[in-house]
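Peer 1: Sequence first, then the predicted structure:
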Amino acid sequence: MVPILAGALSVIVVGISVSGQQKPGASGRAAANASAPRVDFIDVAARAGLTAKTEDGGEKAKKYIVETTGSGAAFIDYDNDGWPDIFLVNGTTLEGFPKGQEPTSHLFHNNHDGTFTDVTSKAGLGLTGWGQGVCAGDYDNDGWTDLYVTFWGHSVLLHNNGDGTFTDVTKKAGLWHDDARWETGCAFVDYDRDGKVDLFVSQYVDLDLANTPVPGSSNNCIWKGIPVMCGPRGLKGTHSELFHNNGNGIFTDVSNKSGVAKTDAYYCFTALTGDFDNDGWPDIFVSCDSTPSLLFHNNQDGTFKEMGAEAGVAFNGDGREQAGMGAHAVDYDGDGWLDIIKTNFSDDTATLYRNNRDGTFTDATEQAGLGSNTQFLGWGALFVDIDNDGWPDIFLANGHVYPEVDGRGFSTSFRERKVLYWNQGNGRFKDVSQSAGKGITALFNSHGSAASDFDNDGAVEILVNNSHDPPSLLKNYGTHQNWLLLKLIGTRSNRDAIGTRVTVRANGHQQTQEVRSGGGYISQSDFRLHFGLAGASKADIIEVRWPGGVTEKLENVSTNQILTIKEGKQEKKR
């Protein structure tokens, strides 16, 4: 493999480690409408040691909306050993727990053998309270990835000390709020391209339980004739937040200065970053519940313009606002532009926004074959290539907000199965959920979802945080083809390479992904980028565009290996 430079740019460091043999499976598809592969997702969480239960208010009835939103999940290699570890956010109940018995978040160390060890106490990550979301990013560029965990109450910035422990530096970093806030989604993003990741945070409801109505007390507290918890309609909305990284370990609130707080008050969940218009600067999409979703376009001068309606992502194709929960972005059709999938409430579909390559999107939900499932209440959303054929598929995690729906003859239930759509390569997806294995069809009240090849075998696994149950760790024992796993390390850019865009071309097909903090549903997937290469024995070109705008290329890269690509270094390791 020979590193090829773009223009006069510097050579890339390429560290290569080959892990295992190619998995058996069919060769690349001969036609876009070929039959779906054999998919067999099995939940291996219990045997992997992931047995901690997530609390989320009442299991049989919920009095207030804070009991309904669940918690996020993260794959993060906190000890830099090349094996992704797991962090699970936890909630609580209105009644609370005896001192010392409160549910906590959990950090699980990857043992390199398919199992994990709970190291929460040792790491200092036993957070308690109404935990919501999580995002990762090395905010001080010291080589160790840090965490931001959102709460209804007080969110927390956790500095990775590099020795297996974390320290709460929220106040020291200037991120403490004296008032309680309901922060949900978050994302580290270098919005000004200065090499230091900043922090974007979305908020849901300005919640005051003392003044919140109870189930059945108004029209906003009744669903299909059932008295249920109230909201979000009728409750006070909130605004987004943006904090600039000063480079000295301290952040400055630039929410108003940047323009992200200058919107109407909305109910927002997942923050999804991406260069949606291919201008080289990161934009921010925010999925919002019962209000229009938001798209903050980066003006390249430290400010943003909210243009969700103008861009076609505030509403669905019928011009209707939806109850948006999760969101994810990838180039699903191979045209080099990021598209968006968003989950919504029951009696609606997930929404697929296809990028029109001119700063706007089209609702392609029906055209793409995603319009048949309306009974599910969606949360986690991921583009993930389940069979390594080079075409990103769609995974959706579901679960209702009302336990009261059970036993009433509705088409939905509190615990719901997951949905899996296989990308046919022609702009359409096929629902393969019912034949995709017990890991997909089992019923859970699922929320946060994250993806990673946690065992480094070339196939991506999916982590799901389930309310009132332990998490699911879904491993696909179906067919797989060739693959590449890319670890990006920034030098001039931020250390975790957040915002780096990678395009891989093989056998006439191209794929585009970005390294991202946040997304899914208030969760964090592995920073490493997984590319299925079907039957190709090599990637013809790997093009890496770093956040600062520099582009570097590799040619003729063999498949079925893990590559570490370091920005601008002339060195090669094998």
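Peer 2: Alright, I've got the coordinates. Numbering: from 1, shown residues only.
Peer 1: so what's the backbone phi/psi at residue 48?
Peer 2: In terms of degrees, to the nearest 10, the main-chain angles of residue 48 are phi -80, psi -10.
Peer 1: Please tell me how far it sits from residue 89.
Peer 2: Residue 48 is 18 Å from residue 89, where distance means C-beta to C-beta, to the nearest Å. To be clear about C-beta, it is placed using only N, CA and C from the backbone, and glycine gets the same treatment.
Peer 1: before we move on, what about residue 407?
Peer 2: For residue 407 relative to residue 89 (C-beta to C-beta), the value is 30 Å.
Peer 1: More neighbours: which of the two?
Peer 2: Each of residue 407 and residue 89 has its neighbours counted (other C-beta atoms under 10 Å); residue 89 has more, 28 against 8.
Peer 1: how about that one, what does it touch?
Peer 2: Counting by C-beta atoms under 8 Å, 6 or more residues apart in numbering, residue 89 touches 54, 71-74, 105, 127, 131-134, 149, 448, 465.
Peer 1: tally of neighbours for residue 214?
Peer 2: Here the number of neighbours of residue 214 (other C-beta under 10 Å) works out to 12.
Peer 1: could the contacts of residue 89 go into JSON lines alongside secondary structure and pLDDT?
Peer 2: Putting the contacts of residue 89 into JSON lines (DSSP: H, G, I helix; E, B strand; the rest coil; pLDDT from 0 to 100) gives the following:
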{"residue": "54", "secondary structure": "strand", "pLDDT": "98"}
{"residue": "71", "secondary structure": "coil", "pLDDT": "98"}
{"residue": "72", "secondary structure": "coil", "pLDDT": "98"}
{"residue": "73", "secondary structure": "strand", "pLDDT": "98"}
{"residue": "74", "secondary structure": "strand", "pLDDT": "99"}
{"residue": "105", "secondary structure": "coil", "pLDDT": "98"}
{"residue": "127", "secondary structure": "coil", "pLDDT": "98"}
{"residue": "131", "secondary structure": "strand", "pLDDT": "98"}
{"residue": "132", "secondary structure": "strand", "pLDDT": "98"}
{"residue": "133", "secondary structure": "strand", "pLDDT": "98"}
{"residue": "134", "secondary structure": "strand", "pLDDT": "99"}
{"residue": "149", "secondary structure": "strand", "pLDDT": "99"}
{"residue": "448", "secondary structure": "strand", "pLDDT": "98"}
{"residue": "465", "secondary structure": "strand", "pLDDT": "99"}
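Peer 1: Tell me the bridge partners for residue 266.
Peer 2: Beta-bridge partners for residue 266, by DSSP bridges, are residue 238.
Peer 1: hang on, isn't it packed against residue 306?
Peer 2: No. Residue 266 lies out of contact with residue 306 (C-beta atoms under 8 Å); the separation is 10.1 Å.
Peer 1: Report the buried members of the contacts of residue 89.
Peer 2: Buried members of these, counted by 16 or more other C-beta atoms under 10 Å: 54, 71-74, 105, 127, 131-134, 149, 448, 465.
Peer 1: quick one: which of those residues is nearest residue 183?
Peer 2: residue 132 (6.6 Å; C-beta to C-beta).
Peer 1: How about that closest one, nearest residue that isn't a chain neighbour?
Peer 2: residue 150 (4.4 Å; C-beta to C-beta, 6 or more residues apart in numbering).
Peer 1: now the helices for the stretch 51-200 of the chain?
Peer 2: Remark: helices assigned in the stretch 51-200 of the chain by DSSP state H, counting those that start in this stretch are 120-123.
Peer 1: cool, the stretch 301-450 of the chain as well?
Peer 2: Here the stretch 301-450 of the chain has its helices, by DSSP H, counting those that start in this stretch, at 308-311, 438-441.
Peer 1: So which of those is nearest residue 527?
Peer 2: Smallest distance to residue 527 across these (C-beta to C-beta): 24.0 Å, for helix 438-441.
Peer 1: Tell me where the stretch 101-250 of the chain has strands.
Peer 2: 106-110, 116-118, 130-137, 146-153, 156-160, 166-168, 181-189, 198-203, 222-223, 226-227, 241-245 (DSSP state E, counting those that start in this stretch).
Peer 1: Please convert the ones you listed to a markdown table, extending it with distance to residue 545.
Peer 2: Compiled in a markdown table, these are given as follows (distance: least, C-beta to C-beta, whole Å):
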| stretch | distance to residue 545 |
| --- | --- |
| strand 106-110 | 30 |
| strand 116-118 | 34 |
| strand 130-137 | 19 |
| strand 146-153 | 24 |
| strand 156-160 | 27 |
| strand 166-168 | 31 |
| strand 181-189 | 16 |
| strand 198-203 | 19 |
| strand 222-223 | 46 |
| strand 226-227 | 51 |
| strand 241-245 | 21 |
